[in-house]
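>>> Just a sequence and a predicted model for now, questions to come.
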Amino acid sequence: MSEPLTDRQQQVLDFINAHHRQHGVSPSLREIQAHFGLASPFGIKRHVDALTEKGALRRLDGKARGLLPSSHPRRGALAEIPLYGTIPAGFGVETQVTEPDSYISVDTVSLGVRPTTKLFALRVRGDSMINASILDGDTVFLTPREPRQQDIVAALIDGESTLKRYLVQRGHAFLRAENPRYPDLLPAQELIIQGVMIGLLRTQTN
């Protein structure tokens, strides 16, 4: 039986797991340090070392974001997810997509969804979502469902496609970038949510 985790070690592990599910990559030590409001990264490194020794985490050598939950190797069903070209993470553009460009084989366990979940993928173009750790060239995985407050969504706003955060204020839905250089997008006529982001594949080294 493995050695039990302390409360703080469990909190650090939970944050790493949540970050990995949401962004497709593990947080850096500096990001973990900032999340817990610590002045020095050494305390976090001590917790991470302990989690590794206890088997709750494993490291990929030579990777800045090489922390993986020990459950990561567990495999689920491989899903063939259709990739429908690119989506702007910037200003919206007119788009009409009917057939996928290709398909991506993805382990459903790594996305935290059931094998039967309907999924599709889009490649990100632009920098409007960089503060949500979504970068130009990344691939986002989405599922068609009703969005909730703060979800990141692929949307058609007045006929133009974009990837943004979904917000509702005073009963009115609008889209917000994760980059202060971009304005909020308020629909003049219609806002159609095509899918809610549930995972991300990093396709470049940062």
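Looks like it came in fine. Residues are numbered from 1 along each chain as shown.
>>> The residue nearest the centre of the chain and Lys54: what is the separation?
By Cα atoms, centre = their mean, the chain has its centre lying nearest to His23, at 2.9 Å. Between His23 and Lys54 the distance, using Cβ to Cβ, to the nearest Å, works out to 24 Å. Any C-beta I mention is one placed from the backbone N, CA and C, and that applies to glycine too.
>>> and if you look at Tyr182?
Tyr182 sits 43 Å away from Lys54, taking Cβ to Cβ as the criterion.
>>> again with Leu78
30 Å.
>>> okay, these two: which has more neighbours?
Set Leu78 next to Lys54 and count neighbours by other Cβ atoms under 10 Å: Lys54 wins out with 16 against 12.
>>> That one is in contact with Val12, isn't it?
No. Contact criterion Cβ atoms under 8 Å: Lys54 and Val12 do not qualify, at 11.7 Å.
>>> Phi, psi for Gln22 please.
Geometry field for Gln22 lists phi and psi as phi -80, psi -40, criterion degrees, to the nearest 10.
>>> for it, what are its contacts?
Taking Cβ atoms under 8 Å, 6 or more residues apart in numbering, we find Gln22 in contact with 199-200.
>>> just Phe120 next, same as before
Taking Cβ under 8 Å, 6+ apart as the contact definition, Phe120 lies against 81-84, 100, 141-144, 195.
>>> Recalculate using a threshold of 7 Å.
By Cβ atoms under 7 Å, 6 or more residues apart in numbering, the contact set of Phe120 is 81-82, 84, 142, 195.
>>> Pull up the gap between it and Arg46, please.
42 Å.
>>> same check, this time on Pro27
Relative to Arg46, Pro27 is positioned 16 Å away (criterion: Cβ to Cβ).
>>> out of those two, which sits in the more crowded spot?
A count of neighbours by other Cβ under 10 Å puts Pro27 above the other of Pro27 and Arg46, at 21 against 12.
>>> Which of the three states applies to the spatially closest residue to the more buried one that is not a sequence neighbour?
Closest residue to Pro27 apart from its sequence neighbours, by Cβ to Cβ, 6 or more residues apart in numbering: His19 at 4.4 Å. Going by DSSP: H, G, I helix; E, B strand; the rest coil, the secondary structure assigned to His19 is helix.
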